[in-house]
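Peer 1: Attaching a predicted model along with its sequence, questions to come.
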Amino acid sequence: TDPAIIVLVEHGNRALFGRKAEWPAHRYSTIAGFVEPGESAEQAVVREVAEETGVEVIESCYHSSQPWPFPSSLMLGYSAHAGRSQIHLNDRELEKAKWLSRQELTDQLVCGEFLPPTPISISFRLIEDWFNRQSVVPFRVWCENNIFQD
């Protein structure tokens, strides 16, 4: 089993989201990557965020885990705080990265500019926990009313 990290990074009242070119249009997620040999999960959080976005993580905290069958991984979820908000897509793994406040996120959900990860994913739970800390309407309700309708 290969350990991997996934992290929701905050700076002030905004969270960092990234998207890969091969994902469906407007799909965004939190930042993720594999833990390298000899590296702790916390070190991987700092490294992966810096490599993919140029954002410096100054503090991280374990959130939860999830088995991830492709390719036999264990996802270790974290929340983190950034020291600065300037984004540089260093390794070109991400097509785009952006900071969003809760209001900006809901605006983009409503107009279809932000498609969140699936609700069964740890990334969704990380976003949900961050969002719900300062929102009257839960994130899952926003998504159900604006995205996950049949």
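Peer 2: Ah, there it is. No experiment lies behind these values; they were computed from the predicted model shown. Numbering: from 1, shown residues only.
Peer 1: got the residue ranges for the helices in the protein?
Peer 2: 41-53, 102-111, 122-132, 139-146 (DSSP state H).
Peer 1: Which one of the ones you listed lies nearest to His26?
Peer 2: Among the helices of the chain, the nearest to His26 by Cβ to Cβ is helix 102-111 (8.1 Å). Where C-beta positions appear, they are placed from N, C-alpha and C, glycine not excepted.
Peer 1: and the closest one, what's its mean pLDDT?
Peer 2: For helix 102-111, mean pLDDT rounds to 94.
Peer 1: tell me which helix or strand of the protein sits lowest on mean pLDDT?
Peer 2: Lowest mean confidence among the helices and strands of the chain (mean pLDDT, DSSP states H and E): helix 139-146, at a mean of 88.
Peer 1: buried residues in that one?
Peer 2: By neighbour count on 16 or more other Cβ atoms under 10 Å, the buried set for helix 139-146 is 139-140, 142-143.
Peer 1: Counting by contacts, list what that helix packs against.
Peer 2: On a contact count with 3 or more Cβ pairs under 8 Å, 6 or more residues apart in numbering; DSSP states H and E, helix 139-146 meets helix 102-111, helix 122-132.
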